[in-house]
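Undergrad: Provided below for reference: sequence and predicted model.
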Amino acid sequence: MCAIHQPNLFPRLSTLAKIFAADYWIVLDDVQFARRDYQHRARLATLDQPGRAQWLSISTHLPHGRSTLINQMVIVEPERCRRRTGQLIRQHYGSSPHWPQLRDVLDPVLDLFAVTDRTAVIAEASTRALLGLLGWQGEILHSSSLESRTDRSQRLADLAAVTGASSYLCGTGGMRYLDPVAFHQHGITVTPFQTAIDGTWSSAREVSSLQPLMALGSDALAAELLLASEQ
């Protein structure tokens, strides 16, 4: 199975679950950046009140204006962003008994602020860190290094075909516009990916997966994601 998704900063549980269910994650890093999306920001919900959330954002400059691609985004004041990222995450989750798990994978992500000025690198690294903590064994590729056609559906189909996957995992948003014929031409089945809407998943499309991770721990959350991938 293949999932294609933009790099998101400490992604929402719904996004993380889709990638976790796939054997390949193609990082869609050469499409236009959208300020209202999650490439440079995440909503951090508190442990005891998941309905309360605060935005964590990486200050980002768009060198080419609205046409700036995701992999062209530049971090503004990296050291300040590093401090704020670390402080807010610790403020929200430092009291969790599972905090040491997150701290160990968070530190290398924070260290990247000193060696890169690219927001997408930090965002991808944050997702990699969570996937690694949950035991994901898949492979990661980047759309910017792969050949594909320009039509939206054709492009996604071409990218998925590179992996040799027989199934493309598609979220609810993608199902509204995707043309499955483009995938069928490659012998790929479009598989809708949906999660539950209650319990752990009640805020899955709204807040960062850091909250359920710190509420449940990596083993319990991995079990939830595995169950979701089998449904």
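TA: Everything's here; your move.

Undergrad: going forward, measure contacts between C-alpha atoms and count neighbours the same way
TA: Fine.

Undergrad: is His61 in contact with Val74, as I believe?
TA: Yes: because the distance of 5.1 Å satisfies Cα atoms under 8 Å, His61 is recorded as touching Val74.

Undergrad: and the two? Which one has more around it.
TA: Set side by side, His61 and Val74 give different neighbour counts by other Cα atoms under 10 Å, the larger being at Val74 (21 against 15).

Undergrad: and for the lowest-mean-pLDDT helix or strand in the chain, what's in contact with it?
TA: In the chain, no helix or strand scores lower on mean pLDDT, DSSP states H and E than helix 172-175, which sits at a mean of 83. With Cα atoms under 8 Å, 6 or more residues apart in numbering as the contact definition, helix 172-175 has outside contacts at 192-194.

Undergrad: could you pull up the mean pLDDT of stretch 75-94?
TA: The predicted model assigns stretch 75-94 a mean pLDDT of 97.

Undergrad: now do that stretch: distance to the chain's middle.
TA: Centroid displacement of stretch 75-94 relative to its chain, using Cα atoms, centre = their mean, to the nearest Å, is 18 Å.

Undergrad: give me the residues contacting it.
TA: Applying Cα under 8 Å, 6+ apart, the set of residues contacting stretch 75-94 from outside is 44-47, 56-61, 99, 110, 113-114, 117-119, 211, 214.

Undergrad: let me see the ranges of the strands in this structure.
TA: Along the chain, the stretches classed as strands by DSSP state E are 2-5, 24-27, 41-45, 53-57, 60-61, 74-75, 139-142, 167-170, 189-192.

Undergrad: including distance to Leu13, could those go into CSV?
TA: Listed next are the strands of the chain as CSV, based on distance: least, Cα to Cα, whole Å:
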stretch, distance to Leu13
strand 2-5, 13
strand 24-27, 15
strand 41-45, 11
strand 53-57, 14
strand 60-61, 23
strand 74-75, 25
strand 139-142, 18
strand 167-170, 15
strand 189-192, 16
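
Undergrad: return the most buried member of those strands.
TA: Between the strands of the chain, strand 2-5 has the highest mean count of neighbours, a mean of 25, where neighbours are mean count of other Cα atoms under 10 Å.

Undergrad: tell me what that strand is packed against?
TA: In terms of contacts (3 or more Cα pairs under 8 Å, 6 or more residues apart in numbering; DSSP states H and E), strand 2-5 is packed against helix 13-20, strand 24-27, helix 152-162, strand 167-170.

Undergrad: which stretches of this protein have low pLDDT?
TA: Flagging of the chain using pLDDT under 70 yields the residue ranges 231.

Undergrad: same thing but at 90, please
TA: Applying pLDDT under 90 to the chain picks out residues 34-36, 48-52, 150, 171-177, 194-200, 202-203, 227-231.

Undergrad: just the CA trace of stretch 5-12, in CSV.
TA: The C-alpha trace of stretch 5-12 is given here as CSV (Å, rounded to 0.1, in the frame of the first residue of the first chain):
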residue,chain,number,x,y,z
HIS,A,5,0.8,13.3,1.8
GLN,A,6,2.5,16.6,2.4
PRO,A,7,5.0,16.8,5.3
ASN,A,8,3.0,17.9,8.3
LEU,A,9,4.4,19.3,11.6
PHE,A,10,3.6,16.7,14.3
PRO,A,11,0.7,15.5,12.2
ARG,A,12,-2.9,14.9,13.2
